[in-house]
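> okay, structure incoming, though there's no sequence with it:
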């Protein structure tokens, strides 16, 4: 027979003996046998009554032993329990008796017994509990470190406390416990259950005092949850607004005793000047505040005023039109201020209007356009004189006489004798200035390129209102960008085809660049240049691989090898085309790296002739630099001034192996689209809208759709097969690879 079954049979026999003794009323004999006597728990180990001896009792200490006194079965306040309630605990498994295991009439009698026992406890007696709670108490006290409060309700689990487990050490033998004295009164006079004493429980943590809001606060908090507030604020802004006002118990920020505060007047003055920034004041309208306004009107004013300043700060910080609404090749990472942060700043600033204005760009490019905008509005509706077209003819230089010179004087607004035919120094200086503005070689000669530039604008009248719109579009684009351009930075103006390098607020160097053609536009972005590469390998971008080179390869299998390109095929069907370093490499000798999602960069080029053109939009999006060795020297003078790199040293690195020169501190690179800017002489310069960005930006600015301030919905990208099936050409012959601009 299995040993566990033998133990179980012995336990059942022992319980049956106890049951028979209880029914005979021999409670004392049962107690002496330990069946209704004391059960001990030592260090989390339950000592069964049948094995609990004097030696065990001597080993127990007050900190490791929990004694439970049991009422005698002849006490008429305790109903006989079912047999399963009397099964002693056997470690390690605990037997738990739930209410579902007890008959309803038995539970009623047990409850009455519990209530009677609670009223008969004394300070020195052991806790008396009905036998229905023995198992639960033993289960709890069997947990290492657990103890049961002496005066706790036997059924209240909250009365059990668990102490950190400690190692059991021998203790001084304690005296054997004496039988507990009988209670003064254990039987109530009537059979009606008495009212039980309050149950002992662990004290709850003190609750924070309830905040009492003023009538205004109650109204404002209520309005923040209605439809009007959800229509005015985005979900994020409304949550931030609520947290700000909750911190001030929903008390007003913009009014005091029914009148506007000085802070509100300062902010309102800035809102009314929104037109000076190229913004529409109607977007930040605030209702008038009447005298003796009601609480509802004051709360409505508070909410609408907050909405006005939040919208203004948003538009000032990141633009009224989100850049994604204009084109997909524009990416900036600027974020509007959080509503709570904005209101906190305005509530603590000495001048709320100045604090609100601080969210606008503060650099010279933006402030110069703002001044020009004011000048243009002073002569609004005037019609500018149509540009004078200069006739064709031979190249003009200093000292020559030509009948076209008077028209040239008028076109360039040269002071002096307007009718003179002499190409004098005044004319030469004016031509040089014009050439510099156009990014051309300032040689002062009136050649074919300069003549085309002079006659490049349409010979039609242009109204000042159109010029204003162009200025407004350019101010909006400046708001898209980071307002802090950096201590040292590179800025490319795409419509001007020029690159400039600034350090400590001053121009260090500039050069011509070739930018992307309209179908492959150079993107607008801000990134950081981290290193330059001498002798770069050209990994052809996927757009060129699949859009141009693979189709060309099907027409002429030799085209790539004749261009110095190499091709390899991956296991997954991918195709890689690259060009090793060398003098004929499409990237030239140097690449300037500012990693970005569009995979564009600045680089040298073997096609130097393109820099002679006035309009230099030929690439696939990258920027080709006219003098890359000098550009590298100037950049390294900022990034690594102690190395004293020179252009000659850079050229000395030219070879077949790639060489990377890392920057300890990255230099910001801003790719901009300035079709209107103010030059160093204070003159407003208008450039051609190469990519048509002005028209789209102006249209969005004039839209009443409030959603234009939010990012455009994501367009699903069209899938493109990455594997191209190579087919033999249908005919033999050459391919004009010179038509593929790199």
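In hand now; what should we look at? In this text the structure is predicted, and so the values were computed from the model without any measurement. Numbering: from 1, shown residues only.
> residues near the residue nearest to residue 569 when sequence neighbours are not counted, how many?
Residue nearest to residue 569 in three dimensions, not counting chain neighbours: residue 575, with 5.8 Å by Cβ to Cβ, 6 or more residues apart in numbering. For the C-beta atoms, the positions are set from N, CA and C on the backbone; glycine is no exception. Neighbour count for residue 575, taken as other Cβ atoms under 10 Å: 19.
> kindly report the same for residue 552.
The tally of other residues near residue 552 (other Cβ under 10 Å) stands at 17.
> might one say that it is in contact with residue 563?
No. Residue 552 lies out of contact with residue 563 (Cβ atoms under 8 Å); the separation is 9.3 Å.
> my guess is residue 667 meets residue 639, correct?
Yes. If you go by Cβ under 8 Å, residue 667 and residue 639 touch, sitting 6.4 Å apart.
> how near is the residue nearest to residue 569 to residue 539?
Counting by Cβ to Cβ, to the nearest Å, the gap from residue 575 to residue 539 is 12 Å.
> mean confidence score for the helix or strand where residue 477 lies?
For residue 477, the host element (DSSP states H and E) is helix 464-480. Helix 464-480 shows an average pLDDT of 93 in the prediction.
> tell me the helix or strand right after that helix.
Scanning forward in sequence from helix 464-480 by DSSP H and E, the next helix or strand is strand 488-493.
> in the chain, which ranges drop under the pLDDT threshold?
Low-confidence segments of the chain (pLDDT under 70): 1-11, 13-210, 379-387, 437-439, 456-463, 715-742.
> how's it carved up into domains?
Following automatic domain parsing, one finds the domains of the chain at 3-162, 215-360, 385-460, 484-537+580-702.
> and the helix holding residue 477, what's buried?
Buried residues in helix 464-480, defined by neighbour count with 16 or more other Cβ atoms under 10 Å: 464, 467-480.
> which one's the longest helix in the chain?
helix 295-318 (DSSP state H).
> just the residues contacting stretch 372-381, thanks.
Residues outside stretch 372-381 that contact it (Cβ atoms under 8 Å, 6 or more residues apart in numbering) are 276, 278, 463-465, 467-468, 471-472, 475, 676, 678, 684.
> which of those residues sit farthest apart?
Across the contacts of stretch 372-381, the longest distance by Cβ to Cβ is 21.0 Å; it joins 276 and 463.
> mind listing the helices for the stretch 401-550 of the chain?
405-412, 425-437, 448-454, 464-480, 542-544, 550-555 (DSSP state H, counting those that start in this stretch).
> what of the stretch 551-700 of the chain?
Counting by DSSP H, counting those that start in this stretch, the stretch 551-700 of the chain has helices at residues 559-562, 628-639, 647-652, 693-701.
> buried set for the last one?
When neighbours are counted by 16+ other Cβ under 10 Å, the buried residues of helix 693-701 are found to be 693, 694, 696, 697, 698, 700, 701.
> equivalent analysis for the third one, please.
By neighbour count on 16+ other Cβ under 10 Å, the buried set for helix 647-652 is 647, 650.
> hang on, the earlier thing: to residue 254, which of the helices of the stretch 551-700 of the chain lies closest?
Between the helices of the stretch 551-700 of the chain, helix 693-701 lies closest to residue 254; by Cβ to Cβ that is 28.5 Å.
> can you give me the angle the closest one makes with helix 464-480?
90 degrees (axes from the mean of the first three to the mean of the last three Cα atoms, to 10 degrees).
> residue 496 contacts residue 676, doesn't it?
No. Applying Cβ under 8 Å, one finds residue 496 not in contact with residue 676, separated by 10.7 Å.
> shared neighbours, the two?
residue 687.
> pretty sure the residue nearest to residue 569 is touching residue 545, no?
Yes. Contact criterion Cβ under 8 Å: residue 575 and residue 545 qualify, at 5.9 Å.
> tell me, how many residues neighbour residue 519?
Residue 519, neighbours per other Cβ under 10 Å, totals 8.
> and it, how close does it get to residue 619?
Residue 519 sits 11 Å away from residue 619, taking Cβ to Cβ as the criterion.
> before we move on, what about residue 489?
Separation of residue 489 from residue 619 (Cβ to Cβ): 22 Å.
> so which of the two has more stuff around it?
Per other Cβ under 10 Å, whichever of residue 489 and residue 619 has more neighbours is residue 619, with 24 against 20.
> which strand residues bridge that one?
residue 516 (DSSP bridges).
> you'd agree it is up against residue 521?
No. At 9.9 Å, residue 619 does not count as touching residue 521 under the criterion of Cβ under 8 Å.
> residue ranges of the strands in the stretch 151-300 of the chain, please?
Assigned strands in the stretch 151-300 of the chain, in chain order: 160-162, 255-256, 259-260 (criterion: DSSP state E, counting those that start in this stretch).
> in stretch 587-595, what counts as buried?
Using 16+ other Cβ under 10 Å as the test for burial, stretch 587-595 gives 587, 588, 589, 590, 591, 592, 593, 594.
> quickly note the distance from residue 375 to residue 682.
For residue 375, the distance to residue 682 (Cβ to Cβ) stands at 10 Å.
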